[in-house]
Each structure stands twice: as C-alpha cells, then as structure tokens.
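1. whatever this is, show me its structure:
(one chain, ligands or ions: 1)
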Amino acid sequence: MSNYHIKHLEEYFQVYRKSVRDPEAFWEEIAEEHFVWRKKWDQVLKWDFKKPEVKWFDGARLNITENCIDRHIPTRGEKTAIIFEPNDPSEEPQHITYRELHEKVCRMANVLKEHGIKKGDRVCIYLPMIPELAISLLACARIGAIHSVVFAGFSSNALSTRINDSDCKMVLTSDGSYRGSKTIDLKGIVDKALEACPGVKTVLVAKRINSKIKMLKGRDKWLQPLLDHAYADCVAEIMEAEDPLFILYTSGSTGKPKGMVHTTAGYMIYTAYTFKNIFQYRENDIYWCTADIGWITGHSYIVYGPLANGATTVMFEGVPSYPDYGRFWEVVEKHKVTQFYTAPTAIRALAKENLEFVEQYDLSSLKVLGSVGEPINEEAWHWYNNNVGKKKSPIVDTWWQTETGGIMISPIPYVTPTTPTYATLPFIGIQPALMDENGQEIMGNQVDGRLCIKFPWPSIARTIWGDHKRYRDTYFSAYEDKYFTGDGALRDAVGYYRITGRVDDVIIVSGHNLGTAPIEDSINEHPAVAESAIVGFPHDIKGNALYGYVILKETGESRDRDNLRKEINQQITEHIGPIARLDKIQFVSGLPKTRSGKIMRRILRKIASKDTANLGDTSTLLNPEVVKEIMDNAL
Ligand code: WTA
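-> Reported below is the predicted structural model:
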C-alpha cells in the first residue's frame, strides 16, 4: 500500500487512522519518500498551540524549487509544466516545459539578485495571470526571498498597505493587464501606491499590453531585457525547513489585513500530497485551476502543489465570460483538461446562461471537478455535476483557508462517496473538532458548532507577519489548544462535514474574503458620512453581496442620495478595490447598538436578507426605535 496515493475508501480510513495515531511517523515517511532534501530533519514536529508555535521538519534543509523543478528534469524535462492560456482566444497558448521553466526561473532569480534581493528580503508581486507571475514566485523561492503576491485587482491603497506592512524592497508588475474586453493600468496603480512606499527601490515591469506608461528613472526597469541578459542557471539557496516561503494577506474581521506567513518544508509536503490525492493526479493529466495566483488557491494549487508532483498546470489569464460564456469549456476542450477546479460563484454565473455554451464543447476529458472558496449551494452543485461532469466526474468540494495552506476537508474523488453541499471527510492528518458556546468539544454525529482543528498539520500558517500576538488572539484564544477557523460546520449522521459559513465579521463575496471593518473605515472617510455598518446578504451569483447602512453627517443631509451612493462606492474602489463595492446602500438615522455600544449586526443582517419575521433577542438594544425605521426603509 502506498500512503502517498490513496485509491480506495478502506485505504483512506486506514491511512487516516495511521496519520492520526502517529502523525510524526506518518509525515516522516511521506517526506522521506517523495521529496528531495539537502539535509534531513532533526525533529519531525515540535508544537505548542498556547504560544503558539509549530515547527515541522526542523533542522532539515532544502529548496522548494529543486522539488518543483530541478528533480523533474531528468525524467520530465520535455514535459509541459505550465500551459499559459491567454485572455484572447485568438492568441496562441504557450507551453512551457520543465526544462524551460528551470531556465526562466533561474534567469528571473539572477535578475532579482542583481537588483540586491537577498535571502529573507520581501518582494511584492503585483502581476496579472501571465507566466511571469508563476515564474517570479519560483524565482523568489529559488534565492530565498519571501514573496508577497498582491492580487492585481486590489487598489493602490490596498497595495501600498501590503507593501509597507512587510517592508517589500521591490515590486514586480506589468505595463497593464487584460480582463475580458478591458485593459487595466496596473503600472499606474503601482505608481500611485509607491508614493506612500519609500522602502521600494526597484520596480521591474513585464510588458503585456504594450501601453505607453511612465518609467521612473532609477526605479523602474523593463523586465524582458534584463531576463535576456541574465545567466540561465542559478544555484538554489539552501533553506531551512522553517524559513518563510511567502506572505499572503487575508482580510480579518477587524483592522488591517493579516500577512499570513507560510514556511517551506511543511507547506511543500502538504500541498503536494493533497494535490496528488484530491485531484487523483496521474502522469499525463492536464490540470486546470481557474483561481488567480493572487489568492492562496493559486499559490498552492496552480504553482506549488502541481509542480511538486511534476504535473502540467494551466494558467488562464482571462475571465469566464469573454468572449462569451463558453470560454471555460472551450479551454477544457482545447487542452483536454482532466481536472477542473473553480469557485461556486463562477458556476452560478455560468449556470444562468444558455446551456448551449456548455454543450457545444467536448468535455469528455474531464475526470475530476473541484469547488473552493465558499459553500457550494445544491443547485449549483447539480448544475456542475449534470452539465459539466455529465454525472461521471466526482465533485470535490474542498474546504480550506489561506491560513491552512492546503485543503483540509474534502472528498477524495473515486474514493469518498460525495453528497451535494458537503465537504465530507477530513483529509489525511486533519483532526477537526466542533465546539459549543461554552468552549466544549461536541462529540458524536448530527451536531453543529464552530469548526476548530485540534492538531497541527504541515502547512498551517506559522504567524502573522510582524504581529504574533494577533496570530494567537485570532486563531488560538477562542478555544484552548485548538486552531479556530472562524467557520461554522455541522457533522451529519455518517460523520460528513458541511461548512455552514463564517461565524465572524468576514463576508465572502464571489469567493473573496472581505472584512467589514476596512470597508466601513473607507466609507467613514467620506466627508458626508458619520458612521456606517456593512453586512452580507444572499446573492444569486456572488453568494453574498454587501449591504451598507450609512449615517450621514448634518452637512451630508442635503446631498443627492444617488450621487452619494456613487461616491461611496468610488471611495471603496479606491481604498480596497472593486470587489468590495456595495450592492445596496441605505441611509439611516442610527444603527442598532447594544448598551455597550456594539453594533448589533445580527439585526442588520436579518433586515438586509429580508428575514425580519423573527429578529431574535433585542432586549439589550439601546435604541430599539431605530430598528423599525431601518426596516420600513429597507432596500
Ligand atoms: C470559505 C480559500 C465552504 C470558508 C481557500 C473559509 C468554504 C474561507 C469552502 C477561506 C468550501 C473556503 N465550503 N466554505 N469548500 N472553501 N470556504 O482564505 O469560510 O480565501 O474560512 O481560502 O472561505 O477563504 P480563503
């Protein structure tokens, strides 16, 4: 029996038991047999959730790019590592072999070095979904620089906050990006962001849309000529197992974004192992994850997990609706995609369109379908299963988080029987617990509670960059000795998990995590606004949309409401990005507050969701009269 590739349900249970009974022996065997090391570890696991501290394979030395690239060259040198599918279907796709990838990564790594980047330095990557994006992550990893990718849909303000939080020295960007029929001026956004980032000395610019952009002398350089002149080999920096590999920001319910820090060995092992099993990846498969590398899904399941397995991974620059709603399926047919991994919001958007968009393409290559980012509703699940999978490709509903680094609860296709809307069983090595309001673990089945994880797994984020206390307070203080996910879940009669959604003030809109506090802060900066509160409400395509309740200052009272709405959304776009725009804005005279001054979001959520039959306990409200006013004028 190979513990690395699980093929039957019995085997899953056996391996799962083994991984829980003796996690160290289990992960040691996986590490030993499936990865290349410069030096073996002194200790497999050291952990203490009180501090909190987690170390996997401490003392080991390695470079993740040797595992993702170099070791494949003797056997898979001419195999395609990355298929780049451009935004415009008339532009030729690119096939980058493992050998070519090695050269490209080395050249980029040498360019970074020539510009003063050393082991441990932070490099901000603000690039669209073009090959340079994947290559620059790997180039950082090659020389031990810590990459911090910022999704290229974030605004200049969001970008500068992230650059400064982790003191990035360099920014990698492009002259612009394509998004369907539109172009976006990425370099302009970077220029604006850098007005507030004195620490950035160099900006390297990839050419993508051939737009006329301004280059700041001494700071900005075109990337391609530098790559052309760079040496095509670069010795990999030998890293410690627990050296940071990257920082990736995620929204919290309060305050500024959290720079989650992932380290090298554990992250590599867990993303590789989950990728192999959860997508049942076989040697000649063509795997496609539609996420952007700006999110954790892209880091773990476009770049590191697939490449560590020597897989062929598709990078798609475009959007599902351009040039029409058949685009995903056209790409599946063109590249004979075998595993397809996307988000429920995309499925819901496509399910609204004519079925012909799906039916005109040959999807017979597909073997596994994946879903990630938010709960998949039953209707979307069936549409995906019937029309894309033709009822023969299992759907893996994968639950995980930026913080977890890899997939935590998910079926293994062809192994775990699936049930719509259920993420089903914990993956190997994962020990979930459901907790009640008194901090006790709820045992047994057919129960629901708050989802925690009881034992460390190799790819758990190790800290929040620059703020270990916040890391402890956010994830390890709600329940003793447990990692708290922020999600609610239920466990059914057979022990399957269903994720019910966030239990904090994070709202997931189109699969993107948005914290309420930063959005409220940005609204409150509008000169006419006194105070605001944001809640989510159900939306057909986005899953959740945002509803804002806004109190105006006296000076704002005379203003035209529709103009104000536009300005508020404009303000949010500038501060955070278009993904955080509000669908509805209601002007109110007050917000329901408890006697201690906390906004009662529960009530606002009910009003926004038109679910006001039972508002629940309102006895602690300081100003109950305002509830009626808000209800009467609800949008
Ligand atoms: C939600 C994305 C239900 C959840 C990988 C989690 C899901 C948050 C699922 C993390 C799923 C993710 N079913 N909910 N299959 N996958 N979520 O950090 O609320 O962008 O806490 O990581 O998305 O989002 P993040």
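2. so what pLDDT did the residue of the stretch 1-150 of the chain found nearest the ligand get?
-> Residue nearest to the ligand within the stretch 1-150 of the chain (C-beta to the nearest ligand atom): Val149, separated by 13.0 Å. (C-beta placed from N, C-alpha, C; glycine too.) Confidence at Val149, expressed as pLDDT, is 98.
3. report the beta-bridge partner residues of it.
-> Beta bridges link Val149 to Ile125, judged by DSSP bridges.
4. so it sits right up against Leu137, yeah?
-> Yes: counting by C-beta atoms under 8 Å, Val149 does reach Leu137; the two are 6.8 Å apart.
5. return every residue with contacts to both of the two.
-> Ile125, Phe246, Ile293, His299 (C-beta atoms under 8 Å, 6 or more residues apart in numbering).
6. show me the contacts for the first one.
-> Counting by C-beta under 8 Å, 6+ apart, Ile125 touches Leu133, Ser136, Leu137, Cys140, His147, Ser148, Val149, Val150, Val171, Leu172.
7. just the residues you listed: which are in strands?
-> Among the contacts of Ile125, the members falling in strands (DSSP state E) are His147, Ser148, Val149, Val171, Leu172.
8. how about JSON lines for those residues, with distance to Phe587 and neighbour count added?
-> Below are the ones in strands among the contacts of Ile125 laid out as JSON lines (distance: C-beta to C-beta, whole Å; neighbours: other C-beta atoms under 10 Å):
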{"residue": "His147", "distance to Phe587": "43", "neighbour count": "22"}
{"residue": "Ser148", "distance to Phe587": "38", "neighbour count": "25"}
{"residue": "Val149", "distance to Phe587": "38", "neighbour count": "28"}
{"residue": "Val171", "distance to Phe587": "39", "neighbour count": "27"}
{"residue": "Leu172", "distance to Phe587": "42", "neighbour count": "29"}
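9. please enumerate the helices of the stretch 151-300 of the chain.
-> Counting by DSSP state H, counting those that start in this stretch, the stretch 151-300 of the chain has helices at residues 156-165, 186-194, 223-229, 265-278, 296-298.
10. no wait, the stretch 401-550 of the chain
-> Counting by DSSP H, counting those that start in this stretch, the helices of the stretch 401-550 of the chain are 468-475, 516-524.
11. worst mean pLDDT among those helices?
-> helix 516-524 (a mean of 90).
12. quick one: the residue lying farthest from the centre of the chain and Lys566, what's the gap?
-> Distance from the centre of the chain peaks at Ser558, with 42.0 Å (C-alpha atoms, centre = their mean). Distance from Ser558 to Lys566, counting by C-beta to C-beta, to the nearest Å: 17 Å.
13. this structure against the ligand: which residues are in contact?
-> Proximity of the chain to the ligand (C-beta under 6 Å from any ligand atom) is limited to residues 250, 295-297, 371-375, 397-402, 423, 485-487, 499, 502, 508, 513.
14. let's see 5 Å
-> Contacts of the chain with the ligand, taken as C-beta under 5 Å from any ligand atom, map to 372-375, 397, 399-402, 487, 499, 502, 513.
15. what's next to the lengthiest helix in the chain, contact-wise?
-> Criterion DSSP state H: the longest helix present in the chain is helix 98-114. Here helix 98-114 makes contact (C-beta under 8 Å, 6+ apart) with 65, 69-70, 72-73, 76-79, 81-82, 96, 123, 131-132, 135-136, 138-140, 142-143, 145, 170, 204, 223, 226-227, 230-234, 307, 310.
16. please point out which parts of it sit buried.
-> Residues of helix 98-114 classed as buried by neighbour count (16 or more other C-beta atoms under 10 Å): 98-113.
17. any weak-confidence spans in this protein?
-> Scanning the chain with the threshold set as pLDDT under 70 gives 1.
18. let me see the domain layout of it.
-> The chain breaks down by automatic domain parsing into domains covering 9-98+240-251+259-453, 506-632.
19. endpoints of the shortest one, how far apart?
-> Across domain 506-632, the straight-line distance between its terminal residues is 27 Å, by C-alpha to C-alpha, to the nearest Å.
20. could we number from 615 for the rest of this?
-> Let's use 615 as the start, then, which means that last one is domain 1120-1246.
21. now find how far off-centre that domain is within its chain.
-> In terms of C-alpha atoms, centre = their mean, to the nearest Å, the centre of domain 1120-1246 is found 25 Å from the chain centre.
22. next: the first one.
-> When distances are taken as C-alpha atoms, centre = their mean, domain 623-712+854-865+873-1067 is centred 11 Å away from the chain's centroid.
23. returning to what we had before: name the stretch among the helices of the stretch 765-914 of the chain that sits most buried.
-> Most buried of those by mean neighbour count (mean count of other C-beta atoms under 10 Å) is helix 879-892; its value is a mean of 27.
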